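**Q** generate a structure from the sequence data that follows.
(one chain, ligands or ions: 1)
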Amino acid sequence: MDKLIVEGGVKLTGGIRVSGSKNACLPILAASLLSEEGSSITNVPDLKDISTMVEIISRLGRKIERSGDSVRIFPGEAVNRVALYELVSTMRASIVVLGPLLARYGEAKVSFPGGCVIGPRPINLHLKGLRALGADINIKEGYLVARARRLKGSKIYLGGHFGSSVLATANTLMAAVLAEGETIIEDSACEPEIVDLADFLTAMGAVIKGAGTPTLRVTGVKSLNGVDYRVIPDRIETGTYMIGAVLTGGKVFLEGAKAEHNLALIDKLAEAGGRVEEKPDGLEVYRTGRKVHAVDITTQTYPGFPTDLQAQMMSLVTVSDGISVITEKIYPERFIHISELNRMGADIILEGSTAIIKGVKRLSGAPVMASDLRASAALILAGLVADGHTEISRIYHLDRGYEHIEDKLSAAGARVWRVKE
Ligand code: EPU
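**A** Numbers count the residues shown, from 1 in each chain. So this is what the prediction gives:
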């Protein structure tokens, strides 16, 4: 298994090109199943999760090819409607093939996704949305077995205990576009990845209003066409490097990044002493003063502060000049990184789903273990400002969601390298 070594003490300086959004690509790839025509998707990042989705689509029987940052889905039908445990268990987002398969073929069998290290990951809202459209879904031998004659438009309230759900909205939306009549999804997710999916579906011929708001209105159509489509830049990758620039006190130009997708982060970075300037083709990010200031954060659904940047922001405030309070409202257990940051000399205590972080003068490099994708990124960021070397193991998590992270950081001056264990 590979490890990543980070040698601290270098300010990130220079340019980093932002990749296409993983979390936009995954449902968009699944949505391509809604048409028998071919589609071509560009700005697709080179990531393990994308390979998993490509593999799932290929096993469903569609010819699909990857070349550079493009994925081409050839014309044809999904002759199999089964997403197997061996693939779904490696990536929960695989569940987004359920909606398209049901809508297009009236049947689907998808392995029931498990929980993960960031906490329980229920799927009740996915089931609620699809059942409201008329699907009959049972759980058999670890699989969701779904059937429907023709889905029928419906009025659905999709809010859950933790607010809206991104992938439940995606699944319900993808099913609704081919359902008969009108569907209204209330408390739908407003994340940019949902807007991107709606744009992709609209380009395929779907009729959708309200994308980016809590009310989606869909008028079902009989069939959809293939399209050529470019996905949006990855706002979480962007945010991770923005935090890195402020943390190290360097200056980074993020080529292709969009401020409008990261307003909550930009606001918090300003409080922490960072500055983000919009340029015609990206964002320039740097720190204005000598110190990082303490900030309080509560994660929320979009446009609130994203849970996917919580761990990275925690790394930032470990070296702040005061006490920060970070509350996690989306995944109340998403705090495995705390013990690893404390191994590096941070001073963090956890009270329920709130972390209290007392800023320390310095972190000290240590062997640490990555526990999930975003926690891994947080440990790299901490390593960038720690004394000595930080050795991060289990970095397969990183390869799921950060395209060529060590190359990108190295290009901005960081001393980061990968070693085989
Ligand atoms: N929830 C339910 N019932 C459901 C679905 C979700 O109660 O049926 C709860 C979840 O447990 C959570 C909250 O709703 O408390 C929000 O979860 P959501 O469904 O929005 O998460 P997701 O759609 O499964 C996507 C991203 C995650 C990101 C979350 C929140 C993808 C592939 N994944 O997951 O990204 O954290 O939205 O923004 O889009 C990551 O990239 O590292 C990652 C984990």
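**Q** burial measure for residue 376, as a count.
**A** 29 (other Cβ atoms under 10 Å). C-beta here means a position set from N, CA and C on the backbone, and glycine is covered the same way.
**Q** quick one: contacts for the closest residue to it other than its chain neighbours?
**A** Spatially, and ignoring its direct neighbours in sequence, residue 376 is nearest to residue 370 (3.5 Å; Cβ to Cβ, 6 or more residues apart in numbering). Going by Cβ atoms under 8 Å, 6 or more residues apart in numbering, residue 370 touches 376, 379, 392-395, 397-398.
**Q** between those, which is closest to the ligand?
**A** Nearest to the ligand among the contacts of residue 370 is residue 397, at 9.0 Å by Cβ to the nearest ligand atom.
**Q** who's in contact with that closest one?
**A** Contacts of residue 397 were listed using Cβ under 8 Å, 6+ apart, and they are 370-373, 375-376.
**Q** mark which of those residues are part of helices, please.
**A** 373, 375-376 (DSSP state H).
**Q** list, out of those residues, those positioned next to the ligand.
**A** Applying Cβ under 6 Å from any ligand atom, the subset of the ones in helices among the contacts of residue 397 adjacent to the ligand comprises residue 373.
**Q** rebuild the ones in helices among the contacts of residue 397 as TSV, extending it with pLDDT.
**A** Converted to TSV, the ones in helices among the contacts of residue 397 look like this (pLDDT from 0 to 100):
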residue	pLDDT
373	94
375	95
376	95
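**Q** can you lay out the ones in helices among the contacts of residue 397 as TSV showing distance to residue 132?
**A** Shown next, in TSV, are the ones in helices among the contacts of residue 397 (distance: Cβ to Cβ, whole Å):
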residue	distance to residue 132
373	31
375	35
376	37
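**Q** for the closest residue to residue 365 other than its chain neighbours, give its distance to residue 312.
**A** Residue nearest to residue 365 in three dimensions, not counting chain neighbours: residue 388, with 3.7 Å by Cβ to Cβ, 6+ apart. Distance of residue 388 to residue 312, computed by Cβ to Cβ, to the nearest Å: 21 Å.
**Q** of those two, which one has the most company?
**A** residue 312 (26 against 15).
**Q** hang on, the more buried one packs against residue 377?
**A** Yes: the criterion here is Cβ atoms under 8 Å, and residue 312 meets it with residue 377 at 5.6 Å.
**Q** please enumerate the shared neighbours of the two.
**A** residue 240.
**Q** how about the lowest-mean-pLDDT helix or strand in the chain: buried residues?
**A** When the helices and strands of the chain are compared on mean pLDDT, DSSP states H and E, helix 396-401 comes out lowest with a mean of 90. Of the residues in helix 396-401, 397-401 count as buried by neighbour count, 16 or more other Cβ atoms under 10 Å.
**Q** picking that back up, can you name the two of the contacts of residue 397 that are farthest apart?
**A** Distance extremes for the contacts of residue 397: the farthest pair is 371 and 373 at 9.2 Å, using Cβ to Cβ.
**Q** just give the number of residues close to the spatially closest residue to residue 263 that is not a sequence neighbour.
**A** Counting by Cβ to Cβ, 6+ apart, residue 263 lies nearest to residue 303, which is 6.2 Å off, once chain neighbours are set aside. Residue 303: 15 surrounding residues under other Cβ under 10 Å.
**Q** part of a strand, is residue 303?
**A** No: per DSSP: H, G, I helix; E, B strand; the rest coil, residue 303 lies outside any strand segment and is coil.
**Q** on the three-state scheme, residue 139 is what?
**A** Per three-state DSSP, residue 139 ends up strand.
**Q** my read: residue 323 touches residue 357, true?
**A** Yes: using Cβ under 8 Å, residue 323 is in contact with residue 357, at 6.9 Å.
**Q** identify the contacts common to the two.
**A** With Cβ under 8 Å, 6+ apart as the test, residue 323 and residue 357 both reach residue 294.
**Q** and the two? which has more neighbours close in?
**A** With neighbours defined as other Cβ under 10 Å, residue 323 and residue 357 compare such that residue 357 has more, 27 against 13.
**Q** partner residues bridging the more buried one?
**A** residue 324, residue 348 (DSSP bridges).
**Q** can you pull the pLDDT of it?
**A** As predicted, residue 357 sits at a pLDDT of 98.
**Q** give me the distance between it and residue 311.
**A** Residue 357 is 12 Å from residue 311, by Cβ to Cβ.
**Q** wait, what's in contact with residue 262?
**A** By Cβ under 8 Å, 6+ apart, the contact set of residue 262 is 235, 238-239, 242.
**Q** can I get those in JSON lines including neighbour count and distance to residue 42?
**A** Shown next, in JSON lines, are the contacts of residue 262 (neighbours: other Cβ atoms under 10 Å; distance: Cβ to Cβ, whole Å):
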{"residue": "235", "neighbour count": "27", "distance to residue 42": "18"}
{"residue": "238", "neighbour count": "26", "distance to residue 42": "18"}
{"residue": "239", "neighbour count": "27", "distance to residue 42": "22"}
{"residue": "242", "neighbour count": "29", "distance to residue 42": "24"}
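**Q** so which of the residues you listed are in strands?
**A** In strands, judged by DSSP state E, none of these are found.
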